[in-house]
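**Q** generate a structure from the sequence data that follows.
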Amino acid sequence: MLPSLHLCLDDGQDDPAVDTALSRAILQRVDAGELPATLRLSRPGRVVAFSRQDARSDGFEAAVAGARSVDFTPVLRLTGGRAAVFTPSTIAFAWAVPAQVPVDGVTERFRTMATALSSAISTFRVDARIGEVPGEYCAGRWSVNVAGQRKVAGVGQRLLRRAAHTGGVVVVADAAAVNRALDPVYAAMDVAWQPEVTGAIDDHAAATWEDVRSAIGDAFGRSHDLVAWQPDAATLDLARAIAHEHRL
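**A** Numbering: from 1, shown residues only. Sure, this is the predicted structure:
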């Protein structure tokens, strides 16, 4: 019997801070044993998601202002790394799972998510690979790239006492919009990167946003029994209550 997994497909919340907090609320309720393992695949707004590492960096206030200057809303995200960009042409993913000792499964969760994303992207006859491309933004070992040349997805984690969140972004289209937001943000914090290695799936395949989201769901469906789910009142109320902690 395959393990059950709640699958939440949504278009995000109008308030980017509430939208970020919703994925955290799901994680916290999984941690409390109030929700089962849940995968959220949503359409975000125009957001620059800063990490706590960014918040401690010189130039952070200027970076936040830089995000606003190009019409992106700055938020504080769940995972580490450096600032990442979300647009309506990207897919935000958030996978929350119960774990007795969350730190023990870090590598396996990274591998599961990166493998699912690369498998989904490969269905469009794209040479999707797992690994960091030199010069990529928000660099990470478990990024997903095309042919080792352009990053199209990033993955991060956050651990609670009895649960883990594995989340990030898949760039389906408009890589230029990602770079437009990153230019003033990374310049303000003096983060080295190479804009030319920012990629999008539709640079290499005729895949729509809906096609890619369905493919990610299908990839998880090969190893899980997917159960359609939408955030209930308790989860939405919690998200609204903690949204101020993500608002910049």
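**Q** CA-only coordinates of the helix or strand of the chain with the lowest mean pLDDT in PDB, if you can.
**A** Across the helices and strands of the chain, mean pLDDT, DSSP states H and E gives its lowest value to helix 52-55, namely a mean of 94. Extracted in PDB, the C-alpha atoms of helix 52-55 (Å, rounded to 0.1, in the frame of the first residue of the first chain):
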ATOM      1  CA  ARG A  52      17.100  34.700   7.600                       C
ATOM      2  CA  GLN A  53      20.700  34.700   6.300                       C
ATOM      3  CA  ASP A  54      19.800  37.500   4.000                       C
ATOM      4  CA  ALA A  55      18.200  39.400   6.900                       C
END
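**Q** let's verify Trp142: helix, strand, or coil?
**A** Secondary structure, DSSP: H, G, I helix; E, B strand; the rest coil: Trp142 is coil.
**Q** and for the one 3 residues further on?
**A** When the structure is split into helix, strand and coil by three-state DSSP, Asn145 lands in strand.
**Q** touching, it and Pro134? I think so.
**A** No - counting by C-beta atoms under 8 Å, Asn145 stays clear of Pro134, with 10.5 Å between them. For every residue, glycine as well, the C-beta is placed using N, CA and C.
**Q** out of these two, which sits in the busier spot?
**A** Asn145 (22 against 9; other C-beta atoms under 10 Å).
**Q** need the contact list for the more buried one.
**A** When contacts are counted by C-beta atoms under 8 Å, 6 or more residues apart in numbering, Asn145 touches Ala128, Arg129, Ile130, Gly131, Glu132, Val133, Glu136, Lys151, Val152, Gly199.
**Q** Glu136 against Thr198, yeah?
**A** Yes - counting by C-beta under 8 Å, Glu136 does reach Thr198; the two are 7.3 Å apart.
**Q** what touches both of those two?
**A** Common neighbours of Glu136 and Thr198 (C-beta under 8 Å, 6+ apart) are Lys151.
**Q** in stretch 73-82, what counts as buried?
**A** Neighbour-count burial for stretch 73-82 flags Thr73, Pro74, Val75, Leu76, Arg77, Leu78, Thr79, Gly81, Arg82 (criterion: 16 or more other C-beta atoms under 10 Å).
**Q** no no, stretch 18-33
**A** 18-31.
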